[in-house]
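Chemist: Got a predicted structure plus its sequence, pasted below:
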Amino acid sequence: MAKSKDIRVTINLECTNCAQNDEKRNKGISRYTTQKNRRNTPIRLELKKFCCYCNKHTIHKEIKK
């Protein structure tokens with residue numbers, strides 16, 4: 001059985017540009033799902049990923065579930 005404190009956890013990454021722009025012309029917020037090692041990266045993860053709503057590579061930050 002898996003322990004409650006697994007080392008690898010599933011996280012969600014959200015686009016910072018889409019989250020800041022609350023305009024109605026935006027279709028949505030770009031989100032990615034990935035895994036991280038809790039021991040190696042205890043702080044929140046930030047990756048540069050492609051946002052289909054902004055049509056460019058932007059910084060995606062880890063969000064709380």
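Modeler: The structure has been received and is ready for your questions. All values derive from a computational prediction rather than experimental measurement.
Chemist: how far away is residue 59 from residue 6?
Modeler: Using CB to CB, to the nearest Å, residue 59 is found at 26 Å from residue 6. For glycine as for every other residue, the C-beta is placed from the backbone atoms N, C-alpha and C.
Chemist: So between those two, which is more surrounded?
Modeler: The residue with more neighbours, out of residue 59 and residue 6, is residue 59; 13 against 10, by other CB atoms under 10 Å.
Chemist: Show me what counts as buried in the helix or strand that one falls within.
Modeler: Taking DSSP states H and E as the criterion, residue 59 maps to strand 56-63. The neighbour-count check on strand 56-63 (16 or more other CB atoms under 10 Å) flags 58, 60, 62 as buried.
Chemist: Make JSON lines out of these and add pLDDT and distance to residue 33.
Modeler: Listed next are the buried residues of strand 56-63 as JSON lines, based on pLDDT from 0 to 100; distance: CB to CB, whole Å:
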{"residue": "58", "pLDDT": "93", "distance to residue 33": "17"}
{"residue": "60", "pLDDT": "93", "distance to residue 33": "11"}
{"residue": "62", "pLDDT": "94", "distance to residue 33": "11"}
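Chemist: Among those, which one lies nearest to residue 32?
Modeler: residue 60 (6.0 Å; CB to CB).
Chemist: That concludes my questions; thank you for your assistance.
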